[in-house]
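> Below are the sequence and a predicted model; questions follow.
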Amino acid sequence: MAFGRRRQGEEPAKGAEATEESAQPVDEAEAEAPESAEGGPWDSEDSFPELQRLDFGALQIPVAPGLGFQVNFEATQVDEEGNPLDGRPVAVLVQYAESAMQLQVFAAPKRSGIWADVRRETAKDIEEEAQGQTQEGDGPFGPELLAMVPAALTEEVLAEMPDEVREQIPAEFIEQGWAPQIIRFLGVDGPRWFLQAVVQGAAIEDEEQWQVLEDVLRGVVVVRGDAPMPPRDLLELQIPKEFGEGEPEEGEENFSPFERGPEITEVR
């Protein structure tokens, strides 16, 4: 199966729902633990290159001109009407131009990685629940998954799009109320952790935009910690202090932590 490339500006497909809040800017294993991809992402115990990074707790993510950052929250308390009262950060969204890469990091066993199982389960969910199609391939970080899913083009979605984006969508997609959306899933098995990256937007076909996101992913440092955790539990994220320091000056990175981005793709 071969997928066509997505058009720039098509709306991201929705996964499991996440809630976001606004704010200002283990026993010894017999086998060796899996290692990160060559050149990163890095474990905090590695000897990794010094870069300017934002500290999200379990994730330390490089910053560079043109990047924006968001934090996705999962509700932990809701009121009687279902509105979120409290939540926890579960993912970091890195944005560049018309592209986005969502990062999540999970606990994993010492003796083996979990990406092969997660990849298979993700493909099954997309095909059975989202009525999509999937295709496995090899990428710069090893095996990865490409998915094509139907993205809704409701009147509300179209109304929120900038005119220049909406004008790029073929009329037949608007008439049928959905458009094919390509999503790229990458995974890295590290020592007692698993890092998942979900890429959407122009970087699916634009090599220049993808290279920026790839460089970010290669520069990520994972801080696993020593506490024992069940495999697939999310490692704890936190909000960087930079998000509370007000608006960036001209020429500085765009720290935009809580605007709505692509939804969380669940790892179970």
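Ah, there it is. Just so you know, these numbers come straight off a predicted model, no measurement behind them.

> all helices of this structure, in order?
Assigned helices in the chain, in chain order: 115-129, 155-160, 163-166, 171-176, 207-218 (criterion: DSSP state H).

> Format the ones you listed as JSON lines; extra columns: mean neighbour count, distance to residue 189 and mean pLDDT.
(C-beta placed from N, C-alpha, C; glycine too.) Conversion of those to JSON lines gives the following (neighbours: other Cβ atoms under 10 Å; distance: least, Cβ to Cβ, whole Å; pLDDT from 0 to 100):
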{"stretch": "helix 115-129", "mean neighbour count": "16", "distance to residue 189": "5", "mean pLDDT": "95"}
{"stretch": "helix 155-160", "mean neighbour count": "11", "distance to residue 189": "36", "mean pLDDT": "78"}
{"stretch": "helix 163-166", "mean neighbour count": "12", "distance to residue 189": "36", "mean pLDDT": "71"}
{"stretch": "helix 171-176", "mean neighbour count": "11", "distance to residue 189": "37", "mean pLDDT": "80"}
{"stretch": "helix 207-218", "mean neighbour count": "18", "distance to residue 189": "14", "mean pLDDT": "97"}
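
> Need those in a markdown table (columns: distance to residue 140).
Listed next are those as a markdown table, based on distance: least, Cβ to Cβ, whole Å:
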| stretch | distance to residue 140 |
| --- | --- |
| helix 115-129 | 14 |
| helix 155-160 | 32 |
| helix 163-166 | 28 |
| helix 171-176 | 31 |
| helix 207-218 | 6 |
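
> Looking at the ones you listed, which is nearest to residue 233?
Put simply, out of the helices of the chain the one that sits nearest residue 233 is helix 115-129, at 13.4 Å, with distance taken as Cβ to Cβ.

> Could you check how far the closest one is from the centre of its chain?
16 Å (Cα atoms, centre = their mean, to the nearest Å).

> Can you say which of the helices of the chain is nearest to residue 98?
Nearest to residue 98, of all the helices of the chain, is helix 207-218, at 7.0 Å by Cβ to Cβ.

> Could you name the helices and strands sitting against that closest one?
On a contact count with 3 or more Cβ pairs under 8 Å, 6 or more residues apart in numbering; DSSP states H and E, helix 207-218 meets strand 59-62, strand 84-96, strand 99-107, strand 193-201.
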